[in-house]
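>>> Coordinates only, no sequence provided:
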């Protein structure tokens, strides 16, 4: 799970494997596999870095290299 922040400042955690795609309009919006949309205060680079760190932590990059 990665930690993210809603626009109102509340922190929550999301499983990055459930993210279908990310929109930048101008807020960062996660579109989940369920169709739910989550708007977060993190920019795309921060989001991307957290996903990469999470995947390294659980060992997925070993299979992808």
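Cool, the structure landed. Everything numeric in this text was worked out from a predicted model, so none of it was measured.
>>> When you work out contacts or count neighbours from here on, use the C-alpha atoms and nothing else.
Will do.
>>> Give the other helices and strands that the helix ranked longest in the chain contacts.
Secondary structure of the chain per DSSP state H: the longest helix is helix 44-57. Applying 3 or more Cα pairs under 8 Å, 6 or more residues apart in numbering; DSSP states H and E, we find helix 44-57 packed against strand 2-5.
>>> for the helix or strand that comes right after the strand it packs on, packing partners?
Following strand 2-5 in sequence order, the next helix or strand is strand 11-14 (DSSP states H and E). The helices and strands touching strand 11-14, judged by 3+ Cα pairs under 8 Å, 6+ apart, are strand 2-5.
>>> got the buried residues for the strand it packs on?
residue 4 (16 or more other Cα atoms under 10 Å).
>>> Likewise for stretch 6-25?
With burial defined by 16+ other Cα under 10 Å, the residues of stretch 6-25 counted as buried are 16, 19, 22.
>>> Skipping adjacent residues, who's closest to residue 7 in space?
Leaving aside its sequence neighbours, residue 7 sits nearest to residue 41 (Cα to Cα, 6 or more residues apart in numbering; 5.3 Å).
>>> sorry, back to before: report the buried residues of the longest helix of the chain.
By neighbour count with 16+ other Cα under 10 Å, helix 44-57 contains the buried residues 44, 47, 50, 51, 54, 55.
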